[in-house]
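Colleague: Here is a sequence together with a model predicted from it:
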Amino acid sequence: MAQWKNDEELFALMKEKLYTPVVGDILDQMGYKHQFLPAGIRPLEALVPADAYIDRSQPDNRLKVAGYACTVLENDVFESPKKPFGYLTEALDQLKPNDVYIATGAHHSALWGELLTATAKARGAVGAVLDGCSRDTPQVLEQNFPVFCTQCWAQDSSVRTYVCDYRCTIEIGQVTIHDGDLVFGDIDGVLIIPRELQDEVIEKALVKAAGEKTVRRAIESGMTATEAFEKFGIL
């Protein structure tokens with residue numbers, strides 16, 4: 001029986017109780033061994049001296065993301081396109097609550113920035129994952145919105161990047177991502193959970209996370225790792 005009643009409860013539970021290593025382990029056990037995006041895609045906050053830009057008196061929403069993939073496909077261009085930015089604004093304007101904007105395909109400019117963050121937040125999206133760079137770093141960080149990217153780079157996309165499609169199948173690294181798949185990211189990386197498996201994966205991951213806490217408490221109480229693994233199993 002699922003421990004959540006709706007998407008909001010699901011995502012809150014994931015961010016409170018789970019972390020990507022334990023979810024990744026479950027996917028491995030189920031035979032889905034290529035669900036992590038490349039290691040270079042990390043929270044923007046982890047890539048810069050973020051304390052210079054962040055009000056630490058407020059809860060920090062920047063280091064975890066959980067939501068449904070809104071896939072975006074881009075390509076590099078080499079002069080000003082007939083339609084500036086391609087279908088970027090259309091992709092942003094159709095974002096829905098609990099969407100995660102996830103984009104790949106162009107690498108000659110930043111794929112994200114201040115105004116995209118503001119638009120995504122206004123539409124109810126819950127994060128952005130870029131197979132590439134983000135810019136306007138102070139202005140993005142101050143919006144307290146989870147952005148995962150490879151690095152910061154100010155180069156503009158208007159004459160270099162074209163959004164050619166959205167809500168289509170994309171690939172990042174070794175991962176095929178379908179629109180609507182579950183996206184989960186934290187300081188250790190970003191993984192993709194196929195939509196049809198999400199309930200089973202999350203339920204098993206919650207059990208595993210609780211089990212690992214039990215093993216840790218046993219070890220901290222004096223049990224050896226060998227004893228703990230023999231008693232509780234490799235969880």
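Modeller: Thanks, I have it. Numbers count the residues shown, from 1 in each chain.
Colleague: ok, the closest residue to Lys33 other than its chain neighbours to Glu8 distance?
Modeller: Counting by Cβ to Cβ, 6 or more residues apart in numbering, Lys33 lies nearest to Leu27, which is 7.4 Å off, once chain neighbours are set aside. Quick note: C-beta positions are derived from backbone N, CA and C, even for glycine. Going from Leu27 to Glu8 by Cβ to Cβ, to the nearest Å gives 23 Å.
Colleague: Of the two, which one has the most company?
Modeller: The neighbour comparison of Leu27 against Glu8 (other Cβ atoms under 10 Å) goes to Leu27, with 21 against 12.
Colleague: Next, the residues that contact the helix or strand hosting the more buried one from outside, please.
Modeller: Here Leu27 sits within helix 20-29, counting by DSSP states H and E. With contacts defined as Cβ atoms under 8 Å, 6 or more residues apart in numbering, helix 20-29 is touched by 33, 35-36, 184-186, 188-191, 193, 201-202, 204-205, 208-209, 212.
Colleague: of those, buried ones?
Modeller: Neighbour counting by 16 or more other Cβ atoms under 10 Å classes 35-36, 184-186, 189-191, 193, 201-202, 204-205, 208-209, 212 among those as buried.
Colleague: among those residues, which are in helices?
Modeller: If you go by DSSP state H, these have Val201, Ile202, Lys204, Ala205, Lys208, Ala209, Glu212 in helices.
Colleague: Contacts only, for the fourth one.
Modeller: So that's Ala205. By Cβ under 8 Å, 6+ apart, Ala205 lies in contact with Leu18, Val22, Val23, Asp25, Ile26.
Colleague: The first one now?
Modeller: By Cβ under 8 Å, 6+ apart, the contact set of Val201 is Val23, Ile26, Leu27, Met30, Leu182, Ile193.
Colleague: Determine which two of those are furthest apart.
Modeller: By the measure Cβ to Cβ, those have their two most distant members at Met30 and Leu182, which lie 13.7 Å apart.
Colleague: who's more crowded, those two?
Modeller: Neighbour count, other Cβ under 10 Å: between Met30 and Leu182, Leu182 has more, with 24 against 14.
Colleague: Looking at strand pairing, list the partners for that one.
Modeller: Tyr68, Ile193 (DSSP bridges).
Colleague: okay, it: pLDDT?
Modeller: The score at Leu182 is 98. That number is its pLDDT.
Colleague: Is Thr214 within a helix or a strand, and which one?
Modeller: Using DSSP H and E, Thr214 maps to helix 198-220.
Colleague: Then Ala120?
Modeller: Applying DSSP H and E as the criterion places Ala120 in helix 114-122.
Colleague: Give me the buried positions along that helix.
Modeller: Across helix 114-122, burial judged by 16+ other Cβ under 10 Å covers Glu114, Leu116, Thr117, Thr119, Ala120.
Colleague: With pLDDT and distance to Val175 as added columns, please give those in TSV.
Modeller: As requested, these are exported to TSV (pLDDT from 0 to 100; distance: Cβ to Cβ, whole Å):
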residue	pLDDT	distance to Val175
Glu114	98	28
Leu116	98	22
Thr117	98	24
Thr119	98	26
Ala120	98	21
